[in-house]
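In: okay, predicted coordinates and the sequence, questions at the end:
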Amino acid sequence: MRKPQPQYQGSWPALSRKVRASQPTCAWCDTSVDLVADHIVPGKPEFGVRTLCRGCNARRRNGATGPATPTSRGTA
């Protein structure tokens, strides 16, 4: 069983808002609803952060490596 994640602290909340403002749609499915900032390399924002919707972020956590259908969206 996974341990609950600690609350994000430090600069992450500001970075998350900035990324979601600059990328207002999901990088995988292009929705603009229920967006979150996602670490491309978990825990290391210096390796990139992108916007995903919660659904795509859940699929990524479960092992998906990309969108179900390719989009032209990039990463930050």
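Out: Happy to help now that I have it.
In: residues contacting the closest residue to L52 other than its chain neighbours?
Out: Computed as CB to CB, 6 or more residues apart in numbering, the closest residue to L52 that is not its neighbour in sequence is D38, at 4.5 Å. (Each C-beta comes from the backbone N, C-alpha and C, glycine too.) By CB atoms under 8 Å, 6 or more residues apart in numbering, the contact set of D38 is A27, V49, R50, T51, L52, N57, R60.
In: looking at the residues you listed, spot the one nearest P42.
Out: R60 (9.9 Å; CB to CB).
In: helix, strand, or coil at that closest one?
Out: Using DSSP: H, G, I helix; E, B strand; the rest coil, the three-state assignment for R60 comes out as helix.
In: can you check K18 too?
Out: helix.
In: same check, this time on T51
Out: T51 ends up strand, using three-state DSSP.
In: for it, which non-adjacent residue is spatially closest?
Out: Q23 (3.9 Å).
In: what are the ranges of the helices in this structure?
Out: Under the criterion DSSP state H, the chain contains helices at 12-22, 54-61.
In: ranking those by burial, who's on top?
Out: helix 54-61 (a mean of 16; mean count of other CB atoms under 10 Å).
In: quick one: average pLDDT of it?
Out: Here helix 54-61 scores 89 as its mean pLDDT.
In: tell me what it is packed against?
Out: With contacts defined as 3 or more CB pairs under 8 Å, 6 or more residues apart in numbering; DSSP states H and E, the packing partners of helix 54-61 are strand 35-39.
In: quick check: bridge partners of the spatially most central residue of the chain?
Out: Centroid-nearest residue in the chain: D38, 2.2 Å away (criterion: CA atoms, centre = their mean). With DSSP bridges as the criterion, D38 is bridged to R50.
In: roughly how far does it sit from T25?
Out: 13 Å (CB to CB, to the nearest Å).
In: swap in L15?
Out: 18 Å.
In: go on, R50?
Out: 11 Å.
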